[in-house]
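Student: below is the sequence, then the predicted model.
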Amino acid sequence: MQMKQWREKLLASKYEEIFPLELGMTQAEVTAVFGNPDDISTETPPLIFKYGSIELHFDKQDSYKLFLVYSDEDADDSLFQVCIPQSL
């Protein structure tokens with residue numbers, strides 16, 4: 001699945017479902033679903049994967065698992081005015 005298709009599905013579901021993306025996924029699992037990111041952060045291993053305007057943040061204190069999905073580009077349509085954080 002392409003990130004753009006996932007974004008459109010998320011918008012259509014009114015943010016109720018982020019499948020196939022799941023908080024707690026490993027970097028390898030995310031890459032298996034969406035392919036290689038367009039950009040990554042400079043840390044090794046990277047803490048942020050960027051697909052277009054969407055950032056996927058990984059927690060180095062929790063085996064680099066996905067804990068945050070963020071974008072500030074879509075503020076007008078409120079796609080990500082609120083981040084989707086993993087429950088603490």
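Tutor: Now that the structure is in, tell me what you want to look at. Numbering: from 1, shown residues only.
Student: C-alpha only now, for contacts and for neighbours.
Tutor: Fine.
Student: just the strands in this structure please.
Tutor: 39-40, 48-51, 54-59, 65-70, 84-85 (DSSP state E).
Student: out of those, which gets nearest to Lys9?
Tutor: Among these, the nearest to Lys9 by Cα to Cα is strand 54-59 (14.1 Å).
Student: walk me through which strands the closest one pairs with, and which way each runs.
Tutor: strand 48-51 (antiparallel), strand 65-70 (antiparallel) (DSSP bridges).
Student: which residues sit against the shortest one?
Tutor: I take that to be strand 48-51. Met3, Pro37, Asp38, Asp39, Ile40, Ser41, Glu55, Leu56, His57, Phe58 (Cα atoms under 8 Å, 6 or more residues apart in numbering).
Student: may I see the ChimeraX selection of the buried members of those residues?
Tutor: To isolate the buried members of those in ChimeraX, using 16 or more other Cα atoms under 10 Å:
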select :3,37,40,55,56,57,58
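Student: pull the most distant pair out of the contacts of strand 48-51.
Tutor: Met3 and Ser41, at 18.0 Å, using Cα to Cα across these.
Student: the longest helix anywhere in the chain vs strand 54-59, what angle?
Tutor: Longest helix in the chain by number of residues, with DSSP state H as the criterion: helix 3-12. Helix 3-12 runs at 90 degrees relative to strand 54-59, counting by axes from the mean of the first three to the mean of the last three Cα atoms, to 10 degrees.
Student: alpha carbons of helix 3-12, as PDB, please.
Tutor: Taking C-alpha atoms only, helix 3-12 is exported to PDB below (Å, rounded to 0.1, in the frame of the first residue of the first chain):
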ATOM      1  CA  MET A   3       1.300   6.200   1.800                       C
ATOM      2  CA  LYS A   4      -0.900   8.400  -0.300                       C
ATOM      3  CA  GLN A   5      -3.500   5.600  -0.500                       C
ATOM      4  CA  TRP A   6      -3.300   5.100   3.300                       C
ATOM      5  CA  ARG A   7      -3.800   8.800   3.900                       C
ATOM      6  CA  GLU A   8      -6.900   8.800   1.700                       C
ATOM      7  CA  LYS A   9      -8.300   5.800   3.500                       C
ATOM      8  CA  LEU A  10      -7.600   7.500   6.900                       C
ATOM      9  CA  LEU A  11      -9.500  10.600   5.800                       C
ATOM     10  CA  ALA A  12     -12.400   8.500   4.600                       C
END
